[in-house]
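> compute the structure for the input listed below.
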Amino acid sequence: MSDLQKQLQEMVDTAKWDWLEVHALKGRVVIVSPQLDLVEAGVAVAEDNSKLVKQWLDDSWLYAPTEAHIDRWKQERDKEFTSLIIHPFVLIKELPAELPQGI
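The predicted structure is shown next:
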């Protein structure tokens, strides 16, 4: 693991929608698909690996939240995400909904 990977791994945190909303409205939130590791995406963005980032954008492994996402998350004010700040962007992954007890 590279020094950058270690540094970014330590920066991964949980963020609630209330905090992310202002960044999303400014077009700075990037959703990382389940197929892609958050830190791996962060490394590519931090290193300005435009070829790889473009490929992930083309494959929809990285994408901006839609109005439907934002509307849904506004309804779920306590919605939490795994997040990583790579200035000026905030990379996020939705945390899976918890299963009801006993399932």
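> contacts only, for the spatially most central residue of the chain.
In the chain, the centroid-proximal residue (C-alpha atoms, centre = their mean) is residue 92; its distance is 1.4 Å. Residue 92 sits next to 15, 20, 29, 30, 31, 32, 81, 82, 83, 84 when contact means C-beta atoms under 8 Å, 6 or more residues apart in numbering. Backbone N, C-alpha and C define where each C-beta goes, glycine included.
> drop anything exposed from those residues.
Buried by 16 or more other C-beta atoms under 10 Å: 15, 20, 29, 30, 31, 32, 81, 83, 84, out of the contacts of residue 92.
> just these: which are in strands?
15, 29, 30, 31, 32, 81, 83, 84 (DSSP state E).
> would JSON lines of the residues you listed with pLDDT and distance to residue 96 be doable?
Compiled in JSON lines, these are given as follows (pLDDT from 0 to 100; distance: C-beta to C-beta, whole Å):
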{"residue": "15", "pLDDT": "95", "distance to residue 96": "16"}
{"residue": "29", "pLDDT": "97", "distance to residue 96": "19"}
{"residue": "30", "pLDDT": "97", "distance to residue 96": "19"}
{"residue": "31", "pLDDT": "97", "distance to residue 96": "14"}
{"residue": "32", "pLDDT": "97", "distance to residue 96": "14"}
{"residue": "81", "pLDDT": "96", "distance to residue 96": "11"}
{"residue": "83", "pLDDT": "97", "distance to residue 96": "15"}
{"residue": "84", "pLDDT": "98", "distance to residue 96": "18"}
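> name the nearest of these relative to residue 53.
Taking C-beta to C-beta as the measure, residue 30 is the one of these closest to residue 53, at 9.4 Å.
> for the closest one, name its beta-bridge partners.
In this entry, residue 30 is beta-bridged to residue 91, by DSSP bridges.
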